[in-house]
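Asker: The sequence isn't on hand, but the structure is:
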């Protein structure tokens, strides 16, 4: 609920002061009798609370009128936002090698997919006016989330992503890029970009990565490619020690096709980055966030429903009730 004229609510603060002054200003009402013997017979009558009740009714009515004067309003309907930002598709690798735990998050060793999710979540939070979609790929590529401004929905789908099972393992970089381009080719926006994250070489899919890069160049889609993984070898979990329950790791060589990723970025006007540490990956997304800024005008339309009658009508009823009682059953002597 909002108020069209909220300053009027400050008058509510004056009501206690007005009530206090009312009891202080003027003389106490009294009747003059020539002798107290004349009223001896009514001295046992208990004091009536009618006056206090009537007074409370009047103050409450006045408070409701002040609230009505501030014009309380309820927003209703949908908020329409015209976002003229950037359309972004993030293609994220789910191959088995993404389970390598060569990154750290909050002092704890995590795998590449976990850190990719964490960094991407923060990136999405900085781009509220951009439509963002999600492509996941391993042996095959698929749409994990269509381009949307509903980023809560997007992040829910991101959270559901898991490392591919052994029978679906692979790295279809070209197919992933082609799938992302299919989502972008029909949309009209100032800028279209693909963020491609992978830790391996293309070994699956029917579309060669550089062919997909040519298509991106034709469609004027900029590709930022990110090679994820430390340099040299990386520990990948292969099982659990049956005696102490600890995870057993095996060092695997990191094999990122940087030449292809660089070429994809070069042909499309993007950039290639190597994320070998957690902070490096965060910095990469920060840089992409800075590079892909546009002047965005967001128009927000909100319909409001006036609800001041909900305060004014009860106030009017209370005032009428106070007047009626004051002139009938609780009538006072002049």
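Answerer: That came through fine. Since we're looking at a predicted model, the values are computed, not measured.

Asker: which regions of the stretch 201-334 of the chain lie under the pLDDT threshold?
Answerer: Within the stretch 201-334 of the chain, the set of residues satisfying pLDDT under 70 comprises 293-303, 332-334.

Asker: And the residue nearest to the spatial centre of the chain, which helix or strand is it part of?
Answerer: Centroid-nearest residue in the chain: residue 152, 6.8 Å away (criterion: C-alpha atoms, centre = their mean). With secondary structure defined by DSSP states H and E, residue 152 is part of helix 151-159.

Asker: So for that helix, what gets flagged as buried?
Answerer: Residues of helix 151-159 classed as buried: 151, 154-155, 157-158 (neighbour count, 16 or more other C-beta atoms under 10 Å). All C-beta atoms are positioned from the backbone trio N, CA, C, and that covers glycine.

Asker: How about stretch 59-73?
Answerer: Within stretch 59-73, judged by 16+ other C-beta under 10 Å, the buried ones are 59-73.

Asker: Residue 204 and residue 168 touch, don't they?
Answerer: No: Residue 204 lies out of contact with residue 168 (C-beta atoms under 8 Å); the separation is 9.5 Å.

Asker: that older thread, got a list of contacts for the helix holding residue 152?
Answerer: 117, 120-121, 124-125, 128, 132-134, 144-145, 148 (C-beta atoms under 8 Å, 6 or more residues apart in numbering).

Asker: Can I get the buried ones among those residues as something I can paste into ChimeraX?
Answerer: Those of the contacts of helix 151-159 that count as buried under 16+ other C-beta under 10 Å are selected in ChimeraX with:
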select :117,120,124,132,133,134,144,145
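
Asker: which two from the contacts of helix 151-159 end up farthest apart in space?
Answerer: Pairwise distances across the contacts of helix 151-159 peak at 20.0 Å for 128 and 144 (criterion: C-beta to C-beta).

Asker: in the stretch 101-250 of the chain, which spans are helices?
Answerer: For the stretch 101-250 of the chain, the helices defined by DSSP state H, counting those that start in this stretch cover 112-125, 151-159, 173-184, 209-218.

Asker: Show me how far stretch 104-112 is from its chain's centre.
Answerer: 25 Å (C-alpha atoms, centre = their mean, to the nearest Å).

Asker: Need the residues that contact that stretch.
Answerer: 97-103, 114-115, 118, 163, 199, 228-229, 278.

Asker: Just to be careful, could you list which of the residues you listed are in strands?
Answerer: When DSSP state E is applied, the contacts of stretch 104-112 are split such that 103, 228 fall in strands.

Asker: from the contacts of stretch 104-112, which is closest to residue 140?
Answerer: residue 163 (14.3 Å).

Asker: Around the residue lying closest to that closest one once chain neighbours are set aside, how many other residues sit close by?
Answerer: Leaving aside its sequence neighbours, residue 163 sits nearest to residue 99 (C-beta to C-beta, 6 or more residues apart in numbering; 5.0 Å). Residues near residue 99, counting by other C-beta atoms under 10 Å, number 19.

Asker: So for residue 99, what pLDDT did the model give?
Answerer: Note for residue 99: predicted pLDDT of 94.

Asker: heads up, I number from 4, so please use that
Answerer: Fine by me, first position is 4 from now on; the one you just mentioned is residue 102.

Asker: show me what contacts it?
Answerer: 114-116, 166, 239-240.

Asker: can you rerun that using 10 Å?
Answerer: By C-beta atoms under 10 Å, 6 or more residues apart in numbering, the contact set of residue 102 is 114-117, 165-167, 202, 237, 239-241.

Asker: May I ask which of these has the most neighbours?
Answerer: Ranking the contacts of residue 102 using other C-beta under 10 Å puts residue 115 first, with 28 neighbours.

Asker: which residues are contacting stretch 239-259?
Answerer: Counting by C-beta under 10 Å, 6+ apart, 99-105, 112, 114-115, 174, 201-204, 229-238, 277-279 sit against stretch 239-259.

Asker: Got a ChimeraX select line for the buried ones in those?
Answerer: Listed next is the ChimeraX selection for buried residues among those, using 16+ other C-beta under 10 Å:
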select :99,100,101,102,103,104,105,114,115,174,201,202,203,229,230,231,232,233,237,238,277,278,279
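
Asker: hey, where'd the strands end up in the stretch 154-303 of the chain?
Answerer: Counting by DSSP state E, counting those that start in this stretch, the stretch 154-303 of the chain has these strands, from start to end: 194-201, 225-231, 236-243, 250-256, 275-278, 302-309.

Asker: Now do the fourth one and strand 236-243, the angle between them.
Answerer: Translated: strand 250-256. 150 degrees (axes from the mean of the first three to the mean of the last three C-alpha atoms, to 10 degrees).

Asker: again, but for the second one
Answerer: Taking the same axes, to 10 degrees, strand 225-231 and strand 236-243 form an angle of 60 degrees between their directions.

Asker: Alright, that wraps it up for me.
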